[in-house]
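Trainee: below is the sequence, then the predicted model.
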Amino acid sequence: MNGYYANANYENHLIPKIKAMPAECLMSLFNIVQDFCKSMALKPAESSFKQGWEEAMRGETMPIEELWTDIEDGG
């Protein structure tokens, strides 16, 4: 499924739900969406690399055997 179709499909489901919400709930929904968007924003590559490099230089690393443990355990 291409990106446009997937987005349009979500919009077809979301927009009616938003329109059906009581007006007094819309500000809360707006705040939730804003917070979600902020949490999803990626750091620029340079600052992400710099942070990773600084952590590695401080010895804040994990053994490779443990890197995927949480993912494999479902959490």
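Mentor: In hand now; what should we look at?

Trainee: quick one: mean pLDDT over the helix or strand harbouring Lys19.
Mentor: Using DSSP states H and E, Lys19 maps to helix 3-20. Across helix 3-20, the average pLDDT comes to 83.

Trainee: after it, which helix or strand is next?
Mentor: Where DSSP H and E defines the elements, the next helix or strand beyond helix 3-20 is helix 23-40.

Trainee: in that next one, which residues are buried?
Mentor: Within helix 23-40, no residue qualifies as buried by neighbour count (16 or more other Cβ atoms under 10 Å). Any C-beta I mention is one placed from the backbone N, CA and C, and that applies to glycine too.

Trainee: which residues touch it?
Mentor: The contact list for helix 23-40 (Cβ atoms under 8 Å, 6 or more residues apart in numbering) reads 18, 21.

Trainee: using PDB, write down the CA coordinates of the following helix or strand past that helix.
Mentor: Later in the chain than helix 23-40, the nearest helix or strand by DSSP H and E is helix 45-57. C-alpha atoms of helix 45-57 as PDB (Å, rounded to 0.1, in the frame of the first residue of the first chain):
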ATOM      1  CA  ALA A  45      21.700  13.500  12.600                       C
ATOM      2  CA  GLU A  46      24.600  15.600  13.800                       C
ATOM      3  CA  SER A  47      23.300  15.900  17.400                       C
ATOM      4  CA  SER A  48      22.200  12.300  17.500                       C
ATOM      5  CA  PHE A  49      25.600  11.100  16.500                       C
ATOM      6  CA  LYS A  50      27.300  13.500  18.900                       C
ATOM      7  CA  GLN A  51      25.200  12.200  21.800                       C
ATOM      8  CA  GLY A  52      25.900   8.600  20.800                       C
ATOM      9  CA  TRP A  53      29.600   9.300  20.600                       C
ATOM     10  CA  GLU A  54      29.700  11.000  24.000                       C
ATOM     11  CA  GLU A  55      27.900   8.100  25.500                       C
ATOM     12  CA  ALA A  56      30.300   5.600  24.000                       C
ATOM     13  CA  MET A  57      33.300   7.600  25.200                       C
END
